[in-house]
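A structural model of the following input is requested.
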Amino acid sequence: MAKSANINVRIDPETKKRAEDLFSSFGITITDAINIFLRKSIMEGGLPFDVRLPEHPLDASRMTAEQLDVALEKGFAQLQAGQCIPAKQAFDEIRGEVGA
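Numbers count the residues shown, from 1 in each chain. From the prediction side, this is the model:
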């Protein structure tokens, strides 16, 4: 079957670049990956993965008051012991921007 339909997607350049790098390591293009995703979605009758908010162990809205107190005390103890880093540094490390 010839491919004759187009889909236009707007996405930030960094995400596109990271996706291209990832998929090229598999020997496929973004177009190939999207086709795989769409076909798998059709086979599954929905998205081929769970879509939900992650359950984070420190999600205060799901913690008891006692669990929240324990988590806050632990964080305060780490702060006093100098075991914490600035938020910007933590996010830079998560994004892999340290030393970049």
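
Which pLDDT does the model give L53?
As predicted, L53 sits at a pLDDT of 68.

try A100
Per-residue pLDDT puts A100 at 52.

cool, S25 as well?
For S25, the pLDDT comes out at 93.

any idea how far it is from C84?
From S25 over to C84 the distance is 35 Å, taken as CB to CB, to the nearest Å. To be clear about C-beta, it is placed using only N, CA and C from the backbone, and glycine gets the same treatment.

The two: which has the busier surroundings?
More crowded of S25 and C84, by other CB atoms under 10 Å: C84, with 13 against 8.

In which helix or strand does the closest residue to that one other than its chain neighbours reside?
Nearest residue to C84, sequence neighbours excluded (CB to CB, 6 or more residues apart in numbering): Q78, at 5.5 Å. Taking DSSP states H and E as the criterion, Q78 maps to helix 65-80.

How many neighbouring residues does E14 have?
Neighbour tally, E14, other CB under 10 Å: 9.

In which helix or strand does it reside?
Going by DSSP H and E, E14 is in helix 13-25.

Quick check: buried residues in that helix?
Neighbour-count burial for helix 13-25, counted by 16 or more other CB atoms under 10 Å, picks out F23.

hang on, the earlier thing: on the pLDDT front, check the residue nearest to C84 for me.
With respect to pLDDT, Q78 scores 85.

Surely it and I85 touch.
No. With contact defined as CB atoms under 8 Å, Q78 does not reach I85; the gap is 10.2 Å.

okay, and the common contacts of the two?
Counting by CB atoms under 8 Å, 6 or more residues apart in numbering, no residue touches both Q78 and I85.

so where is this protein shaky, pLDDT-wise?
Along the chain, segments meeting pLDDT under 70 span 1, 53-61, 97-100.
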